[in-house]
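Peer 1: Below are the sequence and a predicted model; questions follow.
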Amino acid sequence: MKPRIGIDLTYIVDKHATGIKKNGEEIVEGLVQSNKYDITLFVNKHLQEEYKKQFSNCKIVSVKFWFKNSNHGRLINIANKLDITKKGKIRKEKCDIIIYPYICDNTNIIKEQKNIISILDVIPLDEIEDKNSEIYKKTKQKYIELMNLSEYITTLSEYSKNRLIDVNPSYQGKIKVIPSSVAKLKKYDKKVSDIIRTEKPYMLTINSFFKHKNQITLVKAFNKIKEIIPHSLVLVGRPEENSPNSRYKEIVEFIEKNNLKERVKILSYISDEERNTLLYNADLFISTSYMEGFGRTPVEAAMCNVPVISTKETSLQEATMNEVFYYKKATSYEELALKIIEVLNNRPTKQRLEEISKKLTTEYSEKRIAEKYVELISEIMEGEVNAKN
């Protein structure tokens, strides 16, 4: 009989493509393809039918953690009221191991259950500037308590692993680095001009407008060199306007103040077809983030045979395997401006871009990442057998 693996996807609340959504779904897909397990997925009730179609070989167990507010049309979290319900459903399935691909307020970890907790990064902790504040101490303690709930933790990079050890040096369990699987994106026949209404070449970045994503540095760099390049600049990402860490408003104000509206385009909530089309046809992709547990979008861009400029911060150089262009100080728009000119004037050959794409596509294939999970699951199962004997 195959081991029974449960995977908690209740943190996914809508159909919008995000890094954490893709990460969880790709873990499922990789384990399904391995054909080694009976898999049960725990999902939000309003996504139940979608996941039944997407993962027809898996058992789907739904939990109603959200309801639609009729006045505002928004999904409202009622997780606290249903904590017992979800734990009961998890226990009822009697899975050998539960995988938690992402931890959030909806996550209800059952300590006595064998589990694998994915802690993708410590960005919420590192974003707190005052390291002596009570909020910093409380957030750090939450990480420590979370880590101590499981003997097995996965994280996306060696950088994130080392940060977790820094946060909780007394942790006695195993921390295994398993990156996100990143599939080469599907190409579509859609025209770029139908998306951004221009025939000009363009530079692209894709990221939510949080402070640490640092798009303001890119917009300032573009403003500095706008007279000597023909390109437009396209910023794709969710505004996150309800977050205190959103920099969307600051960026919009800078664009308006410097008369950049004709050449700087901001797009939010676009389709996968539009996103992929923009990626494949960009002259240059730029990642200005200074805080990433992995850094998916520059990897995706490089897989699309697009030249990439990235910061060297945190895990980004590791994730891109030292194969793209880098600039050192993430917040230096002057340095970034020089690097943009350098790359545009010395574009890599088609052969070189194909080599980079092939290397990253192989490294982050679903099969390769699934093998890492299979290895960890086997280790846990064997440990259980040895403990009983």
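Peer 2: Done, it's in.

Peer 1: any idea where the helices of the stretch 101-250 of the chain begin and end?
Peer 2: Ranges of helices in the stretch 101-250 of the chain, per DSSP state H, counting those that start in this stretch, are 123-126, 134-147, 158-167, 193-196, 215-225, 248-257.

Peer 1: low-scoring pLDDT stretches of the stretch 101-250 of the chain, where are they?
Peer 2: Along the stretch 101-250 of the chain, segments meeting pLDDT under 70 span 105-106.

Peer 1: Save the helices of the stretch 101-250 of the chain as JSON lines, and put in mean neighbour count and distance to residue 328 too.
Peer 2: The way it works is simple: take the backbone N, C-alpha and C, and place the C-beta from them, glycine included. Formatted as JSON lines, these follow (neighbours: other C-beta atoms under 10 Å; distance: least, C-beta to C-beta, whole Å):
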{"stretch": "helix 123-126", "mean neighbour count": "16", "distance to residue 328": "19"}
{"stretch": "helix 134-147", "mean neighbour count": "14", "distance to residue 328": "27"}
{"stretch": "helix 158-167", "mean neighbour count": "18", "distance to residue 328": "16"}
{"stretch": "helix 193-196", "mean neighbour count": "14", "distance to residue 328": "30"}
{"stretch": "helix 215-225", "mean neighbour count": "22", "distance to residue 328": "13"}
{"stretch": "helix 248-257", "mean neighbour count": "15", "distance to residue 328": "23"}
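
Peer 1: and this protein, what are its domains?
Peer 2: Domain segmentation of the chain under automatic domain parsing yields 4-181+367-388, 193-363.

Peer 1: Enumerate every residue touching residue 369.
Peer 2: By C-beta atoms under 8 Å, 6 or more residues apart in numbering, the contact list for residue 369 reads 26, 27, 30, 178, 179, 180, 181.

Peer 1: Out of the residues you listed, flag the one nearest to residue 159.
Peer 2: Taking C-beta to C-beta as the measure, residue 159 lies nearest residue 179 of the contacts of residue 369, at 11.2 Å.

Peer 1: what's the burial count for the closest one?
Peer 2: When neighbours are defined as other C-beta atoms under 10 Å, residue 179 has 25 of them.

Peer 1: Might one say that it is in contact with residue 365?
Peer 2: No. In this structure, residue 179 is not within contact of residue 365 by C-beta atoms under 8 Å, at 10.8 Å.

Peer 1: residue contacts, the closest residue in space to residue 270 that isn't next to it in sequence?
Peer 2: Nearest non-adjacent residue to residue 270, counting by C-beta to C-beta, 6 or more residues apart in numbering: residue 236, 6.4 Å away. For residue 236, the contacting residues are 204, 205, 206, 207, 266, 267, 268, 270, 275, 278, by C-beta under 8 Å, 6+ apart.

Peer 1: For residue 278, see how far away residue 236 is.
Peer 2: Separation of residue 236 from residue 278 (C-beta to C-beta, to the nearest Å): 7 Å.

Peer 1: ditto for residue 234
Peer 2: Taking C-beta to C-beta, one finds residue 234 at 6 Å from residue 278.

Peer 1: Then residue 309?
Peer 2: Distance, residue 309 to residue 278, by C-beta to C-beta: 16 Å.

Peer 1: Kindly report the same for residue 24.
Peer 2: From residue 24 across to residue 278, the span is 24 Å (C-beta to C-beta).

Peer 1: cool, and residue 159?
Peer 2: For residue 159 relative to residue 278 (C-beta to C-beta), the value is 28 Å.

Peer 1: re earlier: which single one of the contacts of residue 236 is nearest to residue 190?
Peer 2: For the contacts of residue 236, the nearest to residue 190 is residue 278 (9.4 Å; C-beta to C-beta).

Peer 1: What backbone torsions are found at that closest one?
Peer 2: The phi/psi pair for residue 278 (degrees, to the nearest 10) reads phi -60, psi -40.

Peer 1: which residues does it contact?
Peer 2: 192, 195, 196, 204, 234, 236, 270.

Peer 1: residues in contact with the third one?
Peer 2: Contacts for residue 196 were tallied using C-beta under 8 Å, 6+ apart; they are 202, 232, 234, 265, 267, 278.

Peer 1: on that earlier part again, mind checking which of the contacts of residue 236 are in strands?
Peer 2: Among these, DSSP state E puts 204, 205, 206, 266, 267 in strands.

Peer 1: For PyMOL, write a command that selects the buried ones of those.
Peer 2: If you want just the buried ones from the ones in strands among the contacts of residue 236 in PyMOL, going by 16 or more other C-beta atoms under 10 Å, the selection is:
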select buried, resi 204+205+206+266+267
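
Peer 1: Looking at the ones in strands among the contacts of residue 236, spot the one nearest residue 13.
Peer 2: Of all these, residue 206 has the smallest distance to residue 13: 20.4 Å, by C-beta to C-beta.

Peer 1: isn't that closest one right up against residue 275?
Peer 2: Yes. Assessed by C-beta under 8 Å, residue 206 is found in contact with residue 275 at 7.0 Å.

Peer 1: Which positions within whatever helix or strand residue 33 lives in qualify as buried?
Peer 2: When secondary structure is defined by DSSP states H and E, residue 33 falls within helix 19-34. Within helix 19-34, the residues that qualify as buried are 19-32, 34, counting by 16+ other C-beta under 10 Å.

Peer 1: ok, now stretch 47-64?
Peer 2: Those buried within stretch 47-64 under the rule 16+ other C-beta under 10 Å are 47, 51, 55, 58, 60, 61, 62, 63.

Peer 1: And those, which two are furthest apart?
Peer 2: The span of those, defined through C-beta to C-beta, is set by 55 and 63 at 16.3 Å.

Peer 1: Which strands and helices lie in contact with the longest strand seen in the chain?
Peer 2: Longest strand in the chain by number of residues (criterion: DSSP E): strand 38-44. Contact analysis of strand 38-44 by 3 or more C-beta pairs under 8 Å, 6 or more residues apart in numbering; DSSP states H and E lists strand 4-8, helix 19-34, strand 59-63, helix 83-93 as its packing neighbours.

Peer 1: Report all helices and strands that the second one contacts.
Peer 2: In terms of contact count using 3+ C-beta pairs under 8 Å, 6+ apart, helix 19-34 is assigned the packing partners strand 4-8, strand 38-44, helix 296-303, helix 366-388.
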